[in-house]
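1. model the following, please.
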Amino acid sequence: MPKRAPNPEPLPGPSAQVAGDPAALAAWIVDVCTRPMPGGGPEGERGGERGGERAVARRETGLGFALAGIARAEPSQRADELRAWLAAGKHGEMAFLADQLAPRLDCRAELHGAVSIIMVADVYAGRAGVDGPTQPDTMWDDVSITPSVGQSSQPTTPAPHAPLGRIARYAQRRDYHQTIKRRLHRLADALRAIDRQAQPPVQTRAFADTAPLMEREHATNAGLGWVGKHTLLIHPRVGSGFVLGGILTTLDLPPTRDQPIADACGTCTRCIDACPTGAITPYSLDARRCISYLTIEHRSLIPDDLAPHVGPWVFGCDICQEVCPHNSPRGLMAMPAPTPSAARPHATLPLLEMLGWTDESRSRLGVSAMKRATTSMLRRNALLGLLALLPTLPTADGQALRTRIESIATDDTEDHLVRATARQVLRLAGGQKAT
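-> Residues are numbered from 1 along each chain as shown. I've put the predicted structure just below:
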């Protein structure tokens, strides 16, 4: 069991003078959201100061987000677009997107009386060249299969040259749902404490991809960026390597921007051209074809026409972000660094070991967003990662790997999804179809 983080100390609230002035309060909120944290890390993830120094530092520290802004809590301007997208079935197996439609169309359905929405961005990866993205063409170099065919079920350090599965960069860190909401709850507590005698009292609802809201649209309205052609939010200075969170509140706060940041995608189509499955059209994504969706949300067998294109991705995909010019280095431009929670305990995973994973193996990932995928899904994804490798191997190595996959495909005690995927891999690789 992961060690539980201690309860954070209360966030010191604004002065009475600031609290009584909506514009000053809005400025205080943005400032405290983007001010650094003690020790440089989220609560419970990195030690801060000790003793008396700790108390002083707490009073002068913030929540450590890269970006923050405020917008009106208003109905979505993209309701017709969302309805059409759902009607076309582009949400795939994510039925919850259609089942929880009302608050997506109007965030006030999530919190009665909501007037304002505070949005924040937490950076998990700097621009290319700052934190060194893994290059996809190095994942299969000098692979030797024969010595590694054992069915180890524990996530361990891979042997040299073992084939590795890639993990989307946001999932290489501690689960962002927890790290963001923990900090937002501190802010929400401070806001509710502004006037405990107010009638009705101040209400808040914190979220980090945990509420049925159109987060990217609200973040756009709050000035955190524009929605790019790949449908992800892009900030002109930070790029797109961040996740979002926010607070709905009944406080009446002035918006931080009169107009959203202008779209700067221009005529660029790099994300569209680079997507292996053709999931992207300008400003729209067919989730059914997206590698992130297929490896994280799709609970069944991945269709034959898409399976060969999943490649080494075992959880998520970063291709459209890696090719985006707005994620390239920008000289000496000052940029917020990824938070310490963006450390990479799992940047890659050994595919051969993943074939033998159990629920216990998966539990050793710790407090990770990867827990969204079941053990059988992760093993399915590992099999598809090996599919791309099979045709490139020397005869002996290829036969050793094929034998390992055949043993899964013919094992009646195996998980149904894993067994079906093993048969699919053998068929697509040109091997004998398991019966």
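
2. helix or strand right after the helix or strand of the chain with the lowest mean pLDDT?
-> Using mean pLDDT, DSSP states H and E, the weakest-scoring helix or strand in the chain turns out to be helix 51-59, at a mean of 41. Once the chain leaves helix 51-59, the next helix or strand it forms, by DSSP states H and E, is strand 67-72.

3. pLDDT score for residue 136?
-> At residue 136, the model reports a pLDDT of 34.

4. I misspoke; the intended subject was residue 170.
-> At residue 170, the pLDDT value in this model is 91.

5. per-domain residue ranges of the protein.
-> Per automatic domain parsing, the domain ranges recorded for the chain read 16-127+175-249, 136-173+267-428.

6. closest one to residue 260 among those?
-> Closest approach to residue 260 among these is made by domain 16-127+175-249 (4.9 Å; C-beta to C-beta). C-beta coordinates here come from the backbone N, C-alpha and C atoms, glycine included.

7. how long is the closest one end to end?
-> Domain 16-127+175-249 has an end-to-end distance of 19 Å (C-alpha to C-alpha, to the nearest Å).

8. again with stretch 222-231
-> 17 Å.

9. same check on stretch 286-293?
-> 9 Å.

10. would you mind listing the outside residues contacting it?
-> Residues from elsewhere that reach stretch 286-293 (C-beta atoms under 8 Å, 6 or more residues apart in numbering): 89-92, 94, 168, 275-280, 297, 306, 309-311, 313, 316-317, 319.

11. and these, which of them are in strands?
-> Per DSSP state E, strands hold the following members of the contacts of stretch 286-293: 280, 313.

12. mind listing which of the contacts of stretch 286-293 are in helices?
-> Using DSSP state H, the members of those that fall in helices are residue 319.

13. the domains of the chain: which one's closest to residue 9?
-> domain 16-127+175-249 (5.6 Å).

14. off-centre distance for that closest one?
-> How far domain 16-127+175-249 lies from its chain's middle: 15 Å, per C-alpha atoms, centre = their mean, to the nearest Å.

15. how about residue 405, what does it touch?
-> Counting by C-beta under 8 Å, 6+ apart, residue 405 touches 355, 383, 386, 422, 425, 426, 431.

16. what subset of these is buried?
-> Listed as buried from the contacts of residue 405 are 355, 383, 386, 422, 425, 426, 431; burial here means 16 or more other C-beta atoms under 10 Å.

17. hey, where'd the helices end up in the stretch 301-435 of the chain?
-> Ranges of helices within the stretch 301-435 of the chain are 319-322, 351-354, 359-363, 375-387, 395-409, 416-428, based on DSSP state H, counting those that start in this stretch.

18. with distance to residue 83 and mean pLDDT added, can I get these in JSON lines?
-> Output for the helices of the stretch 301-435 of the chain, formatted as JSON lines (distance: least, C-beta to C-beta, whole Å; pLDDT from 0 to 100):
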{"stretch": "helix 319-322", "distance to residue 83": "25", "mean pLDDT": "96"}
{"stretch": "helix 351-354", "distance to residue 83": "39", "mean pLDDT": "95"}
{"stretch": "helix 359-363", "distance to residue 83": "36", "mean pLDDT": "92"}
{"stretch": "helix 375-387", "distance to residue 83": "29", "mean pLDDT": "97"}
{"stretch": "helix 395-409", "distance to residue 83": "42", "mean pLDDT": "93"}
{"stretch": "helix 416-428", "distance to residue 83": "32", "mean pLDDT": "97"}
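
19. with distance to residue 214 as extra columns, can I get those in JSON lines?
-> What follows is these, written out as JSON lines (distance: least, C-beta to C-beta, whole Å):
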{"stretch": "helix 319-322", "distance to residue 214": "20"}
{"stretch": "helix 351-354", "distance to residue 214": "34"}
{"stretch": "helix 359-363", "distance to residue 214": "31"}
{"stretch": "helix 375-387", "distance to residue 214": "27"}
{"stretch": "helix 395-409", "distance to residue 214": "41"}
{"stretch": "helix 416-428", "distance to residue 214": "32"}
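
20. show me what contacts residue 351?
-> Shown in contact with residue 351 (C-beta under 8 Å, 6+ apart): 162, 163, 164, 165, 312, 314, 382, 385, 386, 389.

21. repeat that for residue 30.
-> Residue 30 makes contact with 68, 69, 70, 256 under the criterion C-beta under 8 Å, 6+ apart.

22. nearest to residue 348, of those residues?
-> Using C-beta to C-beta, the contacts of residue 30 come closest to residue 348 at residue 68, 32.4 Å.

23. buried among the contacts of stretch 286-293? Make that a PyMOL selection.
-> Filtering the contacts of stretch 286-293 down to the buried ones (16+ other C-beta under 10 Å) takes a single PyMOL command:
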select buried, resi 90+91+92+94+168+275+277+279+280+297+306+309+310+311+313+316+317+319
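
24. how many other residues sit next to residue 348?
-> A count of nearby residues for residue 348, using other C-beta atoms under 10 Å, gives 18.

25. next: residue 254.
-> 13.

26. got the contact list for it?
-> Listed by C-beta under 8 Å, 6+ apart, the contact set of residue 254 reads 22, 23, 26, 70.

27. so which of those comes closest to residue 112?
-> Nearest to residue 112 out of the contacts of residue 254 is residue 70 (C-beta to C-beta; 19.4 Å).

28. quick one, grab the pLDDT at that closest one.
-> 98.

29. related to what we said a few turns ago, between the contacts of residue 351, which is closest to residue 32?
-> residue 314 (37.7 Å).

30. wait, that closest one sits on residue 295?
-> Yes - at 6.4 Å, residue 314 and residue 295 qualify as touching, with contact defined as C-beta atoms under 8 Å.

31. out of everything not next to it in sequence, what's closest to the residue nearest in space to the middle of the chain?
-> With distances taken as C-alpha atoms, centre = their mean, residue 170 lies nearest the centre of the chain, 4.5 Å away. Using C-beta to C-beta, 6 or more residues apart in numbering and skipping residues adjacent in sequence, the residue nearest residue 170 is residue 124, 4.9 Å away.

32. and the gap between that neighbour and residue 276?
-> 23 Å (C-beta to C-beta, to the nearest Å).

33. also residue 228?
-> Using C-beta to C-beta, we find residue 228 at a distance of 18 Å from residue 276.

34. OK, contacts around the residue nearest to residue 295 when sequence neighbours are not counted?
-> Nearest non-adjacent residue to residue 295, counting by C-beta to C-beta, 6+ apart: residue 381, 4.9 Å away. Contact partners of residue 381, counting by C-beta under 8 Å, 6+ apart, are 165, 295, 310, 313, 314, 315, 354, 373.
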